[in-house]
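J.: sequence plus the predicted model coming up.
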Amino acid sequence: MTRRSMLTFAAVLSISALTLTATVSHAQEQGQQRRPGAGQRRAGGGQRGGAGGVMAIQQALQAVGLTDEQKGKIEPLVAKFREETRAIGSDVTPEQRREKVQALNQKFLSDVEAVLTPEQKTKFQAELQKARQNAGNPAARIPQQLNLTEEQKTKAEPILKEFGDAWTKLQQDRTVERAARTEKTQALVADLKTKLRPILTPEQQKQLEEIRFGGGRGPGGAGRGQGGGARPATAI
């Protein structure tokens, strides 16, 4: 598969995640209109079972080492998934919409696993569980974004976990004022980068500085659920 095809494959999967995000968000908005104030405590919470699931699958697939043939088989599954989520009508309740999205997400997962070898499936399931556990950690994708070696990943893992735990605790603490939350978030990010730099190459250090943790709407934005995570995204 050419580099252009690989980028196309990654783009299609990313579009799936965005499509599902929009689908679940629409259902969430309708639910909030029916129940004023609902969902305000953890914006984006509904996405964890939907778009968050697709993004976790995307992360896990990056780790299993897909062949070009496997990528060619998964791409139409992604396209099918995207069309089916788009086809969910507006004449359903938010609860029905969420159920349909979750069912499609589970079917997509099963279809993807059918393409993998037994060894890849075992690794995929382990990586998927890890990705879901890291769903609330905006730094979880840094190993892929910086293309860390296995040795670097081993050294970075406890640093990223420490950041993720502190991040989650901060977002769940509703007693923290907005300004204080932003200040504490910035301190967490600065501490994360300080601890990561010694294990990175000069080029990776430069890339780390270019990463923005949600642009003020995620890690800097007073706790919007998962936020946008760290960017830029990495292709599968």
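T.: Now that the structure is in, tell me what you want to look at. Residues are numbered from 1 along each chain as shown.

J.: and the strands in the protein?
T.: In the chain, the strands defined using DSSP state E lie at 212-213, 230-231.

J.: between the ones you listed, which gets the lowest average pLDDT?
T.: Lowest mean pLDDT of the strands of the chain: strand 230-231, a mean of 50.

J.: for stretch 158-174, buried residues please.
T.: 159, 160, 163, 164, 166, 167, 170, 171 (16 or more other CB atoms under 10 Å). Backbone N, C-alpha and C define where each C-beta goes, glycine included.

J.: measure the last one to residue 181 for me?
T.: I take that to be residue 171. Computed as CB to CB, to the nearest Å, the residue 171 to residue 181 distance reads 8 Å.

J.: give me the number of residues near residue 79?
T.: Neighbour count for residue 79, taken as other CB atoms under 10 Å: 14.

J.: next one: the one 4 residues further on
T.: Neighbours of residue 83 under the rule other CB under 10 Å: 11.

J.: repeat for residue 55
T.: By the criterion of other CB under 10 Å, residue 55 has 26 neighbours.

J.: who's in contact with the closest residue to residue 161 other than its chain neighbours?
T.: Closest residue in space to residue 161, ignoring its immediate chain neighbours: residue 137 at 8.0 Å, by CB to CB, 6 or more residues apart in numbering. Residues counted as contacts of residue 137 (CB atoms under 8 Å, 6 or more residues apart in numbering) are 160, 161, 163, 164, 167, 168.

J.: could you check how far the closest residue to the third one other than its chain neighbours is from residue 205?
T.: In this structure, residue 163 finds its nearest non-sequential neighbour in residue 192, 4.6 Å apart by CB to CB, 6+ apart. Residue 192 sits 13 Å away from residue 205, going by CB to CB.

J.: circling back: how close does the residue nearest to residue 161 get to residue 192?
T.: As defined by CB to CB, residue 137 lies at a distance of 10 Å from residue 192.

J.: overlap in contacts of the two?
T.: 160, 163.

J.: care to break the protein down by domain?
T.: 3-133, 142-231 (automatic domain parsing).

J.: comparing the ones you listed, which yields the minimum mean pLDDT?
T.: The weakest mean pLDDT among those belongs to domain 3-133, with a mean of 70.
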